[in-house]
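Chemist: model the following, please.
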Amino acid sequence: MDQRTQTASEGLVRQGYMSKNRLAVSLLFLMNGFVTGSWAPKIPEFKDRLGIGESVLGLLILVFGIGSLVLMPIAGGFIARAGSQKVVKVTAIILSPLLLVLTLAPNVWTAAIGMFLLGGFVGAMDVAMNANAVEVEKSMRRAIMSSCHAYWSLGGLIGAGIGGFLMARVGVLPHVLVVTVLSLVFLAVAWPMILADRPHSAANKEKLRLPLTPLPWLIGIMALFSMVPEGAVLDWGALYLRNELGASVELSGFGFAAFSATMATMRFAGDHVRDLLGAKRTLRLCTVTALVGMVFAGLAPNAVVAILGFALAGIGISNMVPIAFSAAGNMPGLQPGIGLAVATTMGYSGMLFAPSLIGFIAEHSGFAIIFTCIPVLFIVVLLLSHHAVHADHGREHS
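Modeler: Just a heads-up that it's a prediction; the model follows:
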């Protein structure tokens, strides 16, 4: 019995809550989030060490985004040909020391190369681990994607939380050494348990190209419009609370904190909700919740009400992206790696590039109108939400 047959046989019976494959892919999400979160507190030190201003730093951060958008589709092609297990292992190994490489960069040009590689392999590993999570969902016949993204959020919180403490106590270089060692430990534990999926049988015969049917792009739009609000709250929420609602420095940070805390919490519960209601109804319920929360934040008369609105929006947005990614990995007639590459590339471009456009518009309009109007994107997600039914197909027909 080959492995594909074995997987299919196992899929006839719904597996328990935490299989070895699920633990492995959860650790991969935790590791990717940990590396990404560890980068955030390094930014001020990075800027000072290179002696660059905000404009050059902005360009380097843009290079990070370009790296992601370049390597994500390439990762999707390799997944279709070689399977997600091999791609996620290779990208995770390369990603592990990249913060250390970036810390040792002697000038802005080598730092730009480091930023391209960091953004590229964070994104490439993201596509591969989402593809592996789709395969684990199929093998277990239960939803796991939301909790995988919760582990990513948890890794980000741990990385960002201990980063500033370690740099202040032991220094910059020891901090990245700790990050590198912990990342390799997460990977080493996960390594033997990562689900060994096989490439689509037609992948080696067909020339890999972007899909010509509208469905992957429509699901990509769902991911894009679900992630633009997340980027807006991350980059502009604190400024909105402080400059337009008179919040103190301490209180202004609670906007994104409340948003990310409710989002991470609900992602751990999201798989149970999706198993109970199905992907389509869960997506619609979450989208309406996010819409109400974001309007609440945009029309808030004071900072406390706005923070409550962001918290409600976090509850809603929590499961929108995981469901879109599950649907992208289970589209009929399309290899999972290709569908996920389209959805993740479009989705993350919303987080990477939309905030810049939002900042430009806000200079003329203010942020209150921005946060009040952003829910229009959620109406588009509602109109496309029937495509979320593909997120359940992998579990129903595996």
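
Chemist: tell me the contacts of residue 44?
Modeler: Residue 44 makes contact with no residue, according to C-beta atoms under 8 Å, 6 or more residues apart in numbering. Where C-beta positions appear, they are placed from N, C-alpha and C, glycine not excepted.

Chemist: please, which helix or strand holds it?
Modeler: helix 43-50 (DSSP states H and E).

Chemist: now that helix - C-alpha only, PDB.
Modeler: Output of helix 43-50 as PDB, limited to C-alpha atoms (Å, rounded to 0.1, in the frame of the first residue of the first chain):
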ATOM      1  CA  ILE A  43      13.400  47.600  13.600                       C
ATOM      2  CA  PRO A  44      14.600  50.600  15.700                       C
ATOM      3  CA  GLU A  45      18.000  48.900  16.300                       C
ATOM      4  CA  PHE A  46      18.200  48.000  12.600                       C
ATOM      5  CA  LYS A  47      17.500  51.700  11.600                       C
ATOM      6  CA  ASP A  48      20.000  53.100  14.100                       C
ATOM      7  CA  ARG A  49      22.800  50.600  13.300                       C
ATOM      8  CA  LEU A  50      22.600  51.300   9.500                       C
END
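
Chemist: buried residues in it?
Modeler: 46, 50 (16 or more other C-beta atoms under 10 Å).

Chemist: need the next SSE after it, C-terminal direction.
Modeler: Next element after helix 43-50 (DSSP H and E): helix 54-82.

Chemist: elements contacting that next one?
Modeler: Applying 3 or more C-beta pairs under 8 Å, 6 or more residues apart in numbering; DSSP states H and E, we find helix 54-82 packed against helix 43-50, helix 84-95, helix 108-140, helix 336-352.

Chemist: among the ones you listed, where is the model least confident on average?
Modeler: Among the helices and strands packed on helix 54-82, helix 336-352 carries the lowest mean pLDDT, at a mean of 78.

Chemist: in the helix or strand following that helix, what counts as buried?
Modeler: Where DSSP H and E defines the elements, the next helix or strand beyond helix 336-352 is helix 354-365. Buried positions in helix 354-365, judged by neighbour count with 16+ other C-beta under 10 Å: 354-355, 358, 362.

Chemist: looking at these, spot the one nearest residue 380.
Modeler: Set against residue 380, the nearest of the buried residues of helix 354-365 by C-beta to C-beta is residue 354 (13.9 Å).

Chemist: can you pull the contacts of residue 287?
Modeler: The contact partners of residue 287, by C-beta under 8 Å, 6+ apart, come to 316, 320, 378, 381-382, 385.

Chemist: filter these down to the buried ones.
Modeler: Buried, going by 16+ other C-beta under 10 Å: 316, 320, 378, 381, 385, out of the contacts of residue 287.

Chemist: my read: the second one touches residue 285, true?
Modeler: No: contact criterion C-beta atoms under 8 Å: residue 320 and residue 285 do not qualify, at 10.3 Å.

Chemist: hey, which of the helices and strands packed on helix 54-82 is tucked in deepest?
Modeler: Of the helices and strands packed on helix 54-82, the one with the most neighbours on average (mean count of other C-beta atoms under 10 Å) is helix 336-352, at a mean of 26.

Chemist: now the host helix or strand of residue 233: buried residues?
Modeler: Assessed by DSSP H and E, residue 233 sits inside helix 214-245. If you call a residue buried by 16+ other C-beta under 10 Å, then helix 214-245 has these buried ones: 215-217, 219-233, 235-238, 240-242, 244-245.

Chemist: show me what it is packed against.
Modeler: Using 3+ C-beta pairs under 8 Å, 6+ apart, helix 214-245 is in contact with helix 249-252, helix 254-277, helix 303-317, helix 320-328, helix 336-352, helix 354-365, helix 367-373, helix 375-384.

Chemist: any idea which of those helices gets closest to residue 122?
Modeler: helix 336-352 (9.4 Å).

Chemist: ok now that closest one, how far from the chain's centre?
Modeler: Its chain's C-alpha centre and that of helix 336-352 lie 10 Å apart, by C-alpha atoms, centre = their mean, to the nearest Å.

Chemist: looking at the chain, which helix or strand does the model trust least?
Modeler: Lowest on mean pLDDT, DSSP states H and E among the helices and strands of the chain sits helix 3-11, with a mean of 42.

Chemist: what's the angle between the next helix or strand after that one and helix 43-50?
Modeler: The first helix or strand that comes after helix 3-11 along the chain, using DSSP H and E, is helix 20-39. Interaxial angle, helix 20-39 versus helix 43-50 (axes from the mean of the first three to the mean of the last three C-alpha atoms, to 10 degrees): 50 degrees.

Chemist: tell me the mean pLDDT over helix 20-39?
Modeler: Mean per-residue pLDDT for helix 20-39: 91.

Chemist: export it as PDB, just CAs?
Modeler: Only the C-alpha atoms of helix 20-39 are listed here, as PDB (Å, rounded to 0.1, in the frame of the first residue of the first chain):
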ATOM      1  CA  LYS A  20       1.300  13.900  14.900                       C
ATOM      2  CA  ASN A  21       0.800  15.600  11.500                       C
ATOM      3  CA  ARG A  22      -1.400  18.300  13.100                       C
ATOM      4  CA  LEU A  23       1.200  18.900  15.800                       C
ATOM      5  CA  ALA A  24       3.900  19.200  13.200                       C
ATOM      6  CA  VAL A  25       2.200  21.800  11.000                       C
ATOM      7  CA  SER A  26       1.100  23.700  14.100                       C
ATOM      8  CA  LEU A  27       4.800  24.000  15.200                       C
ATOM      9  CA  LEU A  28       5.700  25.200  11.700                       C
ATOM     10  CA  PHE A  29       3.100  28.000  12.000                       C
ATOM     11  CA  LEU A  30       4.400  28.800  15.500                       C
ATOM     12  CA  MET A  31       8.000  29.000  14.100                       C
ATOM     13  CA  ASN A  32       7.100  31.200  11.100                       C
ATOM     14  CA  GLY A  33       5.100  33.600  13.400                       C
ATOM     15  CA  PHE A  34       7.900  33.600  16.000                       C
ATOM     16  CA  VAL A  35      10.500  34.600  13.400                       C
ATOM     17  CA  THR A  36       8.200  37.300  12.000                       C
ATOM     18  CA  GLY A  37       7.300  38.600  15.400                       C
ATOM     19  CA  SER A  38      11.000  38.700  16.500                       C
ATOM     20  CA  TRP A  39      11.700  41.000  13.600                       C
END
